[in-house]
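>>> model this:
(one chain, ligands or ions: 1)
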Amino acid sequence: MSATPAATPLVSEVDQLLQSLGVPRAAYNGGTLAARSPITGEVLAQVPQQSAADATAAIGRAHAAFTAWRNVPAPRRGELVRLLGEELRAAKADLGLLVTIEAGKIPSEGLGEVQEMIDICDFAVGLSRQLYGLTIATERPGHRMMETWHPLGVCGVISAFNFPVAVWSWNAALALVCGDSVVWKPSEKTPLTALATHAIAQRAIARFGADAPEGLLELIVGQRDIGEVLVDDARVPVLSATGSTAMGRAVGPRLAARFARGILELGGNNAAIVAPTADLNLALRGIAFAAMGTAGQRCTTLRRLFVHESIYDQLVPQLAKVYANVQVGDPRTAGTLVGPLIDRMAFDGMQKALEQSRALGATVHGGGRVEGVGGADAYYVRPALVELQKHEGPALHETFAPILYVVRYSSIDEAIAMNNAVGAGLSSSIFTLNVREAELFMSAAGSDCGIANVNIGPSGAEIGGAFGGEKETGGGREAGSDSWKAYMRRATNTINYSTALPLAQGVTFDV
Ligand code: UN1
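Down below sits the predicted model:
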């Protein structure tokens, strides 16, 4: 057992927040997982961790819950998600602040993350009356064909530190209306926001009443071993996993070995093209948010910028000025736009990528540690703008930090080819007022990513669209559009209401 952290102002504030959010003190005291704030680097709480056996037991409870929940009518299931949305609205300020403290986001982004949870709840409530299947024309007289969508089972969710609560909600809100139960393993870097979200969800369940079985929403806090239990348990037919491509490479084959569905949301190496006709003022603002927002720690963060040679010398010096002046610091300080990196590992990874860039002869603006904010274990950096002669080296891989690589291009085909010339395929964008370029970029021969935007950056998607990407991003889709189908199983039904038995394809079989 570890000691309770010393009661600094931040520790006391977090304790008060967790109390007002309804988290029992036993859930964040006396355990072995140190929950930290990247703002100061200090330990906020000692969270008890679950073992592999605990995880298996949680899956057992969730599986039992599923067998009851699947029989509750979908619109009634939607009512639970409506209550969850209500509870999230009531808790928005506190949970948003806790996201700021535990993940280091500026307040508008902390609150925005909770808003994203509320949005997906609203979407899922409507969806609970729209889980439509097709009716299908049959070739046989006196027959009817249709498809029905049924609940699938326990949905596992493994989420990352950078969207510590929204990613759970994209999955949980859909899974719940689809008739599935959920077992959630949050990042070990952000257990407190997970505990708070779990408490909020339990309030919704309590208000909903007896139709919600025990075990419907399970939370397991701990290390990789309990994630592996979720990956391997045959009672988990669908697993949503958000994290690195390396994690996906480990998870994907194990899911495939037991024919489970993976909703994989892995790395991104997102690019933007700035074309000769671009509205440069708008592009500048779009690039700044997409590349520096969330301190470069979104999977949709803009990491590569392709600037047409005719405007390079106009745009890039302006961008360098924005990079030099953006306020880096404690996210709670007014005016701060760039908060801390999550931890030392992120800082080291960033410095390594910058060294590799320098070795290639790149011009590096910024990128150094900002001293004098937080403590020795807090890592603040000035975002880096890296002018590369060629599209090469560290630009070809995701580094989860605020580094924007800039490369010149001369033809749109060359720019699109560079956009597509990396392993990841999550998000992309083009700034142009030329409709031919915009349409080409979004066409079959254009960007190969799951998200392709025009005149906005690659990050900050709304929940209404399907979210996810191709290639090494893993192919999963979450949130809006028809992403719900991954959480259900489809049955095709053929009904014969005649007295004859005509066979399909003209086959005869007279006995
Ligand atoms: C993530 O970084 O894991 O599109 C998700 C966005 C956010 C979601 C990011 N709505 O940037």
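
>>> for the chain, which spans come out with low pLDDT?
1-4 (pLDDT under 70).

>>> Which stretches in it count as helices?
Remark: helices assigned in the chain by DSSP state H are 9-21, 52-69, 74-103, 107-127, 166-177, 191-208, 224-232, 245-257, 280-292, 312-325, 344-359, 412-420, 435-442.

>>> Now render those helices as JSON lines, adding distance to residue 389.
From N, CA and C alone the C-beta is placed, and that goes for glycine too. Output for those, formatted as JSON lines (distance: least, C-beta to C-beta, whole Å):
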{"stretch": "helix 9-21", "distance to residue 389": "44"}
{"stretch": "helix 52-69", "distance to residue 389": "49"}
{"stretch": "helix 74-103", "distance to residue 389": "35"}
{"stretch": "helix 107-127", "distance to residue 389": "34"}
{"stretch": "helix 166-177", "distance to residue 389": "37"}
{"stretch": "helix 191-208", "distance to residue 389": "42"}
{"stretch": "helix 224-232", "distance to residue 389": "40"}
{"stretch": "helix 245-257", "distance to residue 389": "27"}
{"stretch": "helix 280-292", "distance to residue 389": "20"}
{"stretch": "helix 312-325", "distance to residue 389": "12"}
{"stretch": "helix 344-359", "distance to residue 389": "11"}
{"stretch": "helix 412-420", "distance to residue 389": "13"}
{"stretch": "helix 435-442", "distance to residue 389": "24"}
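
>>> Quickly compare these and say which is most buried.
helix 166-177 (a mean of 29; mean count of other C-beta atoms under 10 Å).

>>> Distance from the chain centre to it, please.
Here the centre of helix 166-177 is set off from its chain's centre by 11 Å, with C-alpha atoms, centre = their mean, to the nearest Å.

>>> now the angle between helix 107-127 and it, please.
Angle of helix 166-177 versus helix 107-127, following axes from the mean of the first three to the mean of the last three C-alpha atoms, to 10 degrees, is 10 degrees.

>>> any idea how this protein splits into domains?
As assigned by automatic domain parsing, the chain contains the domains 9-266+474-491, 270-463.

>>> Would you mind giving those domains as TSV with distance to the ligand added?
Output for the domains of the chain, formatted as TSV (distance: least, C-beta to the nearest ligand atom, whole Å):
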stretch	distance to the ligand
domain 9-266+474-491	4
domain 270-463	3
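
>>> Out of those domains, which gets nearest to residue 502?
Within the domains of the chain, the stretch nearest residue 502 is domain 9-266+474-491; the backing value is 4.7 Å (C-beta to C-beta).

>>> can you redo the domains of the chain as CSV with distance to residue 511?
Compiled in CSV, the domains of the chain are given as follows (distance: least, C-beta to C-beta, whole Å):
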stretch, distance to residue 511
domain 9-266+474-491, 19
domain 270-463, 50
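
>>> quick one on the thing from earlier: the helices of the chain: which one's closest to residue 463?
helix 107-127 (4.7 Å).

>>> Give me the residues contacting that closest one.
78-79, 81-82, 84-85, 88-89, 91-93, 95-100, 103, 105, 163-166, 169-170, 173-174, 176-177, 197, 293-294, 331-332, 462-464, 479-480, 484 (C-beta atoms under 8 Å, 6 or more residues apart in numbering).

>>> For the most centrally placed residue in the chain, give me its contacts.
Centrality entry for the chain: nearest residue to the mean C-alpha point is residue 167, 4.6 Å, by C-alpha atoms, centre = their mean. Residue 167 makes contact with 157, 159-160, 240, 242, 265, 478, according to C-beta under 8 Å, 6+ apart.

>>> my guess is residue 98 meets residue 196, correct?
Yes - assessed by C-beta atoms under 8 Å, residue 98 is found in contact with residue 196 at 5.6 Å.

>>> what is in contact with these two at once?
17-18, 21.

>>> Now tabulate those in JSON lines and tack on distance to residue 318.
Listed next are the shared contacts of residue 98 and residue 196 as JSON lines, based on distance: C-beta to C-beta, whole Å:
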{"residue": "17", "distance to residue 318": "40"}
{"residue": "18", "distance to residue 318": "44"}
{"residue": "21", "distance to residue 318": "43"}
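
>>> any idea which of those residues is closest to residue 371?
Distances from residue 371 to the shared contacts of residue 98 and residue 196, taken as C-beta to C-beta, are shortest for residue 17 (28.6 Å).

>>> Verify the stated contact: the closest one with residue 96.
No - applying C-beta under 8 Å, one finds residue 17 not in contact with residue 96, separated by 10.3 Å.

>>> Apart from its chain neighbours, what residue comes closest to residue 493?
Counting by C-beta to C-beta, 6 or more residues apart in numbering, the nearest residue to residue 493 once its immediate chain neighbours are dropped is residue 146, at 5.2 Å.

>>> quick one: contacts for the one you found?
133-136, 492-493, 495.

>>> change it to 7 Å
133-136, 493 (C-beta atoms under 7 Å, 6 or more residues apart in numbering).

>>> Also residue 95?
Contacts of residue 95 (C-beta under 7 Å, 6+ apart): 21, 114, 165, 196.

>>> What of residue 446?
Residue 446 is in contact with 416, 440, 452, counting by C-beta under 7 Å, 6+ apart.

>>> same deal with residue 340?
When the contact criterion is C-beta under 7 Å, 6+ apart, the partners of residue 340 are 38-39, 104, 295, 374, 378-380.

>>> Now with 8 Å, please.
Listed by C-beta under 8 Å, 6+ apart, the contact set of residue 340 reads 38-39, 104, 295, 331, 373-374, 378-380.
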